[in-house]
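*Asks:* Sequence first, predicted coordinates after that:
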Amino acid sequence: MSVFHNINRYAIGFDHLMDHLVSLHSNNNLTTNEYPPYDIIKEGESNYKIELAVAGFKKDELSIQLKDNTLTIKGESNSKNSNGDYLHKNIARRSFSKNFTLAENIEVGDAEFEDGVLGVSLTHNIPEEQRPKEISIH
């Protein structure tokens, strides 16, 4: 039984969200693929940045796609470094696909690639009608 089962009993109208959390929990337990390593950084009140360590990749071997609130970052390595016999080879240049589920109000900004790190900027834009408002007491 999932930890979300107990929460679902008290969260009326959140069925879709609970199903999504259960799915994320299940997928994380099945796959522990942490390649490439990444960081998620909160920069201020409403800005975030995802940084992926993609050493060995060229800019044209990376792609970023946003579809249905899922940000997908892919790397397809075309480089074949066969210019000699490796005594030790530990820099991974294998293809990858990383998915990040974004909240409804998250907007993807620009992406930059520098020193083997791919950075993707995100902004959480809360519409005015969803922001807290003060109610005056008469």
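*Replies:* Thanks, I have it.
*Asks:* ok, and for stretch 42-59, which residues are buried?
*Replies:* Within stretch 42-59, the residues that qualify as buried are 48, 50, 52-54, 56-57, counting by 16 or more other C-beta atoms under 10 Å. Where you see a C-beta, it was placed from the backbone N, CA and C, and this is true even at glycine.
*Asks:* Which residue comes closest to the most centrally placed residue in the chain once chain neighbours are left out?
*Replies:* By C-alpha atoms, centre = their mean, the chain has its centre lying nearest to residue 100, at 2.9 Å. Among residues not flanking residue 100 along the chain, residue 71 sits closest, at 4.4 Å (C-beta to C-beta, 6 or more residues apart in numbering).
*Asks:* same thing with residue 37?
*Replies:* residue 53 is the one closest to residue 37 (C-beta to C-beta, 6+ apart), at 4.9 Å.
*Asks:* Repeat that for residue 113.
*Replies:* The shortest distance from residue 113 to any residue other than its chain neighbours is 4.9 Å, reached at residue 59 (C-beta to C-beta, 6+ apart).
*Asks:* Does residue 133 belong to a helix, a strand or coil?
*Replies:* Secondary structure assignment for residue 133 (DSSP: H, G, I helix; E, B strand; the rest coil): coil.
*Asks:* can you give me the strands in this structure?
*Replies:* Assigned by DSSP state E, the strands in the chain fall at 38-43, 47-53, 62-67, 70-75, 96-101, 106-114, 117-124.
*Asks:* ok, the second one: who's next to it in the sheet?
*Replies:* Partner strands and pairing direction for strand 47-53 (DSSP bridges) are strand 38-43 (antiparallel), strand 117-124 (antiparallel).
*Asks:* Output the last one as PDB, restricted to C-alpha atoms.
*Replies:* Taking Å, rounded to 0.1, in the frame of the first residue of the first chain, the C-alpha atoms of strand 117-124 are listed here in PDB:
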ATOM      1  CA  VAL A 117      27.100  22.100 -18.100                       C
ATOM      2  CA  LEU A 118      23.700  22.600 -19.700                       C
ATOM      3  CA  GLY A 119      21.600  25.100 -17.800                       C
ATOM      4  CA  VAL A 120      17.800  25.600 -18.300                       C
ATOM      5  CA  SER A 121      16.100  28.600 -16.700                       C
ATOM      6  CA  LEU A 122      12.500  28.300 -15.400                       C
ATOM      7  CA  THR A 123      10.200  30.900 -14.000                       C
ATOM      8  CA  HIS A 124       7.100  30.300 -11.800                       C
END
